[in-house]
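*Asks:* Predicted structure and sequence below. I'll ask about it afterward.
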Amino acid sequence: MERAAAVERVERLVETVERERMPVPVREIWVYGDVALGLDPVERLDVYLTKDLLLGGDRESDLDGEFGVEGIGSTVSAEWAREFPEHVRANDNGYAAPEKCLAAQLTGRDEPIHLEVCNASFEDNVTQRLRGAMASGAYRQILDPRGVCLWIDGVRSEEAFRKLDESAFAFPVLSEALAMIGMNEGEADEAAAAVRSYRHAQRGRSVRGDVV
């Protein structure tokens, strides 16, 4: 999508989180990758959401039966499920999946948007995922560290949106960014290639949930 359209799309996503009930509490919204780098056009729009666990909920078995999934009221909000039944999604085990529910509510099926959802902040998860990838060699799991925080605890950063709109953020290439946070040069080059390969293989809407 054209850069201006990508930035506008992010603004609408933030407005949706501000305006509508969410399946779980959302604490942070970041963008990373193409849109943060100032590229035009933006091949994929990469968005990171920090969510909180649902606290104080009561599991409602009658709603489990109604939606055909378990975990309504404990994994995702029962009030949200009643308001947005069309967005209820489950994982392979038949349990309500917060990351899939968020993706269904916030993005269209065919939009070139990737949503990362985790209980940890973007910066903490970048570090955790890097350590895990370095230990296992699973470089495709690395999270691109070149991110911009747009919204946190209900407060929107107008300055971040302004800079995003003006392509004013300056970031190094991915391999250099990975080297800056702990990888050696050769490993960083290999990891950057794996991250790009994973990203280019995605089509339409995609979502990945993570727990740290």
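*Replies:* Cool, got the structure.
*Asks:* burial count for Glu2?
*Replies:* When neighbours are counted by other Cβ atoms under 10 Å, Glu2 registers 10. Backbone N, C-alpha and C define where each C-beta goes, glycine included.
*Asks:* Hmm, I typed the wrong one, I wanted Asp189.
*Replies:* By other Cβ under 10 Å, the residues close to Asp189 number 17.
*Asks:* Please state the offset of the helix or strand hosting it from the chain centre?
*Replies:* Secondary structure assignment for Asp189, by DSSP states H and E: helix 185-200. With Cα atoms, centre = their mean, to the nearest Å as the basis, the distance from the averaged C-alpha position of helix 185-200 to the chain average is 19 Å.
*Asks:* likewise stretch 29-40?
*Replies:* Taking the mean C-alpha point of stretch 29-40 and that of its whole chain, the gap between them comes to 12 Å (Cα atoms, centre = their mean).
*Asks:* So for that stretch, first residue to last residue, what's the gap.
*Replies:* Terminal residues of stretch 29-40 lie 21 Å apart, using Cα to Cα, to the nearest Å.
*Asks:* Please point out which parts of it sit buried.
*Replies:* 29-38 (16 or more other Cβ atoms under 10 Å).
*Asks:* In helices only, show me those.
*Replies:* The helices in this structure, assigned by DSSP state H, contain 34-37 from the buried residues of stretch 29-40.
*Asks:* coming back round to it: would you mark the buried spots in the helix holding Asp189?
*Replies:* Neighbour counts using 16+ other Cβ under 10 Å place 187-189, 191-192, 194-195, 198-199 of helix 185-200 among the buried residues.
*Asks:* ok so, going back, just put the buried residues of stretch 29-40 in CSV and tack on distance to Arg131 and pLDDT.
*Replies:* Below are those laid out as CSV (distance: Cβ to Cβ, whole Å; pLDDT from 0 to 100):
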residue, distance to Arg131, pLDDT
Ile29, 24, 98
Trp30, 19, 98
Val31, 23, 98
Tyr32, 18, 96
Gly33, 21, 91
Asp34, 25, 92
Val35, 26, 95
Ala36, 22, 95
Leu37, 24, 94
Gly38, 29, 94
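*Asks:* Distance to His114 added to those residues, as a markdown table?
*Replies:* Rendered in a markdown table, the data for those read as follows (distance: Cβ to Cβ, whole Å):
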| residue | distance to His114 |
| --- | --- |
| Ile29 | 14 |
| Trp30 | 12 |
| Val31 | 11 |
| Tyr32 | 10 |
| Gly33 | 8 |
| Asp34 | 10 |
| Val35 | 11 |
| Ala36 | 13 |
| Leu37 | 15 |
| Gly38 | 18 |
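*Asks:* farthest-separated two in the residues you listed?
*Replies:* For the buried residues of stretch 29-40, the maximum inter-member distance is 18.7 Å, found between Ile29 and Gly38 (Cβ to Cβ).
*Asks:* picking up where we left off before, next SSE downstream of the helix holding Asp189?
*Replies:* Proceeding C-terminally, helix 185-200 gives way to strand 206-210 as the next helix or strand, assigned by DSSP H and E.
*Asks:* Tell me the strands beside that next one, with direction?
*Replies:* Using DSSP bridges, the strands paired with strand 206-210 in its sheet are strand 113-118 (parallel).
*Asks:* quick one: the strand it pairs with to chain centroid distance?
*Replies:* 2 Å.
*Asks:* Least confident secondary structure element in this structure?
*Replies:* Counting by mean pLDDT, DSSP states H and E, the chain has its least confident helix or strand at helix 61-67, which shows a mean of 65.
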